[in-house]
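Student: Here is a sequence with its predicted model. Questions after.
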Amino acid sequence: MAKDLKDICTKVCSLARDTGDFIKKEAGKITVDKIEIKGFNNFVTYVDKISEQQLVKGLQSILPGAGFITEEGSAFENDSKYRWVIDPLDGTTNFIHGLPPYSISIGLMENDEVVLGVIYEVNSDECFYSWKNGKAYMNDKIINVSGVSKVKDGLIATGFPYNNYNFLKPYMKSLEYLFAHSHGVRRIGSAAIDLAYVACGRFDSFYEYNLNPWDVAAGSLIVQQAGGIVSDFNGGNDFIFGKQIIASNFLIYEEFYKVINNIFSIK
């Protein structure tokens, strides 16, 4: 499989772009009556569902027999050691309001390891991708994390809590600290794009809690293959299913991790 990952990645990028074309055509057509509510501040549209169906069909052709972990439930896990982890439209709230960015995120796991990742930002036509033992790319150009070495010189990305406020107090404390000790904090509304932007050096660090596997699987690999570090708030590796993630360039990671870990008092 390893020698085939590059070829598989090329096909997945093409599939993501094709599906992105559908999303582009539907942009601006979403009205209130076409929005479903899965939970508080958790929305889904027919675009999410159709996009996921297109991705599942295409991925089944690319790698027959693989299982799926999908946000909208179009397909399910099986006993294969390979699983596609899909977010068909990361940034649905942005999409509903006609606000970029929003993206497609596709990761491939072999057992418990992510071995391929593709993130396609629909509006800018930027495709970020990598595979195990490969480099990280954006539209055929090799990308790397930034060279910033201090939090005070970094631009930090995050995602605001939208339906889980269990850690709201430490989260607000983290924002207060970073407002005063960095170049600034940005919240753009797509965790997949946050990770892609860390990978290409636009952001220096990213952190968020209450995330799902489809939010982070692809991006976590791309960051690592671009020379960055990814962990949970404990500094461990439970960031795919553990609902919390730190992603950073190599130089700033230790300082940034200590800030987040100390504020959240993770034991």
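Tutor: In hand now; what should we look at?
Student: Can you pull the phi/psi pair for the spatially most central residue of the chain?
Tutor: In the chain, the centroid-proximal residue (C-alpha atoms, centre = their mean) is Ala192; its distance is 2.2 Å. Dihedral angles phi and psi of Ala192 (degrees, to the nearest 10) take the values phi -60, psi -40.
Student: Show the residue spans covered by the helices in the stretch 151-267 of the chain.
Tutor: Counting by DSSP state H, counting those that start in this stretch, one finds helices in the stretch 151-267 of the chain at the ranges 168-181, 191-199, 213-225, 253-264.
Student: Just want the angle from the second one to helix 213-225.
Tutor: Per axes from the mean of the first three to the mean of the last three C-alpha atoms, to 10 degrees, the angle that helix 191-199 makes with helix 213-225 is 10 degrees.
Student: what residue ranges in the stretch 1-150 of the chain score low on pLDDT?
Tutor: Per-residue confidence for the stretch 1-150 of the chain (pLDDT under 70) gives these ranges: 1-3, 30-43, 72-77.
Student: which residues of it fall in helices?
Tutor: Secondary structure of the stretch 1-150 of the chain, counting by DSSP H, counting those that start in this stretch: helices at 5-26, 46-62, 92-96.
Student: any idea which of those helices is most buried?
Tutor: Mean neighbour count, computed with mean count of other C-beta atoms under 10 Å, is highest for helix 92-96 among the helices of the stretch 1-150 of the chain, reaching a mean of 21. To be clear about C-beta, it is placed using only N, CA and C from the backbone, and glycine gets the same treatment.
Student: Output that helix in CSV, but only the C-alpha positions, please.
Tutor: Output of helix 92-96 as CSV, limited to C-alpha atoms (Å, rounded to 0.1, in the frame of the first residue of the first chain):
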residue,chain,number,x,y,z
THR,A,92,-21.1,24.6,7.1
THR,A,93,-22.0,27.7,9.1
ASN,A,94,-19.7,29.8,6.9
PHE,A,95,-21.2,28.2,3.8
ILE,A,96,-24.7,29.0,4.9
